[in-house]
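**Student:** take this sequence and fold it.
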Amino acid sequence: MAIVANPIGSELVLVMDNGTSASGGQLTKNRVYPDVKTTAADADVYSVAQSLLGLQEKTNLSIQRRNTVEIQDI
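**Tutor:** Now for the predicted structure:
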């Protein structure tokens with residue numbers, strides 16, 4: 001059985017520091033930018049993220065790319 005993964009979506013997520021909770025845990029806020037081309041190179045997505053970080057007031061904790069694939073048996 002051969003399984004194929006077909007990319008169907010991608011989004012850029014900037015995880016930002018949003019202070020601390022009453023119990024001292026770290027709070028985060030996600031800035032999600034959907035509809036990233038599935039064919040875009042990771043380096044290009046990272047470059048765009050760096051540009052977007054210049055517009056943010058909060059401190060960045062993580063840059064993520066979330067890909068969605070459809071898997072099927074062929």
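**Student:** which residues touch Q64?
**Tutor:** 12-15 (Cβ atoms under 8 Å, 6 or more residues apart in numbering). Every residue, glycine included, has its C-beta placed from N, CA and C.
**Student:** now do T38
**Tutor:** 7-10, 67.
**Student:** helices along the chain, start to end?
**Tutor:** Assigned by DSSP state H, the chain shows helices spanning 42-53.
**Student:** so which residues of it form strands?
**Tutor:** 3-20, 26-33, 60-73 (DSSP state E).
**Student:** buried set for the last one?
**Tutor:** Yep, that's strand 60-73 we're talking about. Buried residues in strand 60-73, counted by 16 or more other Cβ atoms under 10 Å: I63.
**Student:** now it - C-alpha only, CSV.
**Tutor:** Provided in CSV are the C-alpha atoms of strand 60-73 (Å, rounded to 0.1, in the frame of the first residue of the first chain):
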residue,chain,number,x,y,z
ASN,A,60,8.6,37.0,19.8
LEU,A,61,9.1,33.5,21.4
SER,A,62,8.7,31.4,18.3
ILE,A,63,8.2,31.4,14.5
GLN,A,64,6.1,28.4,13.3
ARG,A,65,4.9,27.2,10.0
ARG,A,66,1.9,24.9,10.2
ASN,A,67,1.4,22.7,7.1
THR,A,68,-1.8,20.7,6.5
VAL,A,69,-1.6,17.6,4.3
GLU,A,70,-4.2,15.2,3.0
ILE,A,71,-3.0,11.6,3.1
GLN,A,72,-4.5,9.0,0.9
ASP,A,73,-3.8,5.5,-0.3
